[in-house]
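Enquirer: Task: produce atomic coordinates for the following.
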Amino acid sequence: MIRRILSAILLLWAIGFLWFAAALPQPATDVETDAVIVPTGGAGRIPHGLEVLDQGLARMMLVTGVDREVKPEEFAAEFEVSPERMECCVTLGFAAVDTRSNAAETAQWVRENDIKSLRLVTTDWHMRRAASELNRVLPDKVEVVRDAVPSEPSMGALFLEYHKLLASILAGLIDW
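Expert: Below is the predicted model of the structure:
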């Protein structure tokens, strides 16, 4: 009996991993939102978030999880953002250190800026966990558009992220 239960759990885990790895989230369509949220950490995230601003698909952007050593001028120079664009539209968030605190920092910024809709820009393999953490702390009335940045993750990265997602889901179920 225990063997069957363990076999069923292993089978569910394997099917879940195959789904996770084979069906990575995709980029969003050109839907407009109030803001774009970009957690730091993956190649292409910040440039894509800035593209969203440039295309007029959002009016403001939060980059969450910025290293405390980074100065706004350095960020602007690295990503070729004008001082005017930085002043009006780009907020650097320095409070977050991981995906869960990215969500908390974002939720606070959303409340402070009366955001009703946002576009979450993160790497395809990170999208499910980032969106899950964000949905856990945002008010129900805030619409979240998932806009994945395509990547070519290694099997190891997918394996690690799948387990982080499972841990996040479990933590949400027991409400840590």
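
Enquirer: measure the residue nearest to residue 61 when sequence neighbours are not counted to residue 171 for me?
Expert: Excluding the flanking residues, the one nearest residue 61 by CB to CB, 6 or more residues apart in numbering is residue 36, at 4.6 Å. C-beta here means a position set from N, CA and C on the backbone, and glycine is covered the same way. In this view, residue 36 and residue 171 are 26 Å apart by CB to CB, to the nearest Å.

Enquirer: Same question for residue 103.
Expert: Residue 103 is 12 Å from residue 171, where distance means CB to CB.

Enquirer: So those two - more neighbours on which side?
Expert: Comparing residue 103 with residue 171 by other CB atoms under 10 Å, the one with more neighbours is residue 103, at 25 against 14.

Enquirer: could you list every residue that touches the residue nearest to that one when sequence neighbours are not counted?
Expert: Once flanking residues are discounted, residue 103 sits nearest to residue 133: 3.9 Å by CB to CB, 6+ apart. If you count contacts by CB atoms under 8 Å, 6 or more residues apart in numbering, residue 133 has them with 99, 100, 102, 103, 168.

Enquirer: so who does the fourth one touch?
Expert: So the one you mean is residue 103. Here residue 103 is in contact with 130, 133, 134, 136, 137, 138 (CB under 8 Å, 6+ apart).

Enquirer: Quick check: mean pLDDT of whichever helix or strand it is part of?
Expert: In the assignment (DSSP states H and E), residue 103 maps to helix 99-112. Averaged over helix 99-112, pLDDT sits at 97.

Enquirer: which residues are in contact with the helix or strand following it?
Expert: Using DSSP H and E, the helix or strand that follows helix 99-112 towards the C-terminus is strand 117-123. Strand 117-123 has contacts (CB under 8 Å, 6+ apart) with 28, 31-39, 41-45, 48-49, 52, 57-58, 106, 110, 127, 130-131, 134, 142-149, 151, 153.

Enquirer: In strands, which of those appear?
Expert: If you go by DSSP state E, these have 35, 36, 37, 38, 39, 143, 144, 145, 146, 147, 148, 149 in strands.

Enquirer: what's the closest non-adjacent residue to the fifth one?
Expert: The reference is to residue 39. Nearest to residue 39 is residue 102, by CB to CB, 6+ apart, at 4.3 Å.

Enquirer: Surely that neighbour is in contact with residue 66?
Expert: No. Counting by CB atoms under 8 Å, residue 102 does not reach residue 66; the two are 10.5 Å apart.

Enquirer: Show me which of these two is the more surrounded one.
Expert: Regarding residue 102 and residue 66, a neighbour count based on other CB under 10 Å identifies residue 102 as having more, with 26 against 22.

Enquirer: For that one, give its distance to residue 121.
Expert: For residue 102, the distance to residue 121 equals 12 Å [CB to CB].
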